[in-house]
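Undergrad: Following is a predicted model, sequence given first.
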Amino acid sequence: MNKLLMSIVLCGMAFVAQATNAAPTNTVLEVMTFQDDTPVVLRGKIDRSLGRGKYQFSDATGTIVLDIDDKDTSFLAEDVVEVYGEVDKGWFSTEIDVEEIIKK
């Protein structure tokens with residue numbers, strides 16, 4: 001009985017781990033239509049610093065501003081990164097509040 005229970009628990013943990021690693025990525029074009037506070041995953045390049053923790057990010061569909069507070073930003077322009085964050089809709093702009101950046 002204990003072996004069966006342990007097998008079920010381990011299978012469930014493996015399924016959860018696989019599901020979290022397979023987060024679908026969004027495009028900049030898609031993100032522009034999302035509502036405020038929508039979680040997003042973007043894959044592309046950080047083109048340049050705009051100052052005060054803001055960075056220009058681009059993918060094949062467009063560019064958007066990332067708001068990166070207190071995170072490692074030592075990426076080169078040619079580095080492909082995966083950005084995890086939330087949409088921040090303003091009156092006249094859309095940005096991404098970044099939670100995590102991973103170099104790919």
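TA: Alright, I've got the coordinates.
Undergrad: which stretches of the protein form helices?
TA: All helices of the chain, identified by DSSP state H, fall at 2-21, 28-31.
Undergrad: So for the first one, mean pLDDT?
TA: Here the mean pLDDT over helix 2-21 is 46, rounded to a whole number.
Undergrad: swap in the shortest one?
TA: Per-residue confidence for helix 28-31 averages out to 97 on the pLDDT scale.
Undergrad: For E99, give me its contacts.
TA: When contacts are counted by CB atoms under 8 Å, 6 or more residues apart in numbering, E99 touches 84-86. For the C-beta atoms, the positions are set from N, CA and C on the backbone; glycine is no exception.
Undergrad: Let's see that with 10 Å instead.
TA: Contact analysis of E99 by CB atoms under 10 Å, 6 or more residues apart in numbering lists 39-40, 68-69, 71, 83-86.
Undergrad: TSV for those, including neighbour count, pLDDT and distance to T33?
TA: Below are the contacts of E99 laid out as TSV (neighbours: other CB atoms under 10 Å; pLDDT from 0 to 100; distance: CB to CB, whole Å):
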residue	neighbour count	pLDDT	distance to T33
P39	12	98	15
V40	23	98	11
I68	21	91	23
D69	9	81	25
K71	12	66	26
V83	24	95	17
Y84	15	96	19
G85	21	97	16
E86	16	97	15
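Undergrad: And the residues you listed, which is closest to S58?
TA: Taking CB to CB as the measure, S58 lies nearest V83 of the contacts of E99, at 11.3 Å.
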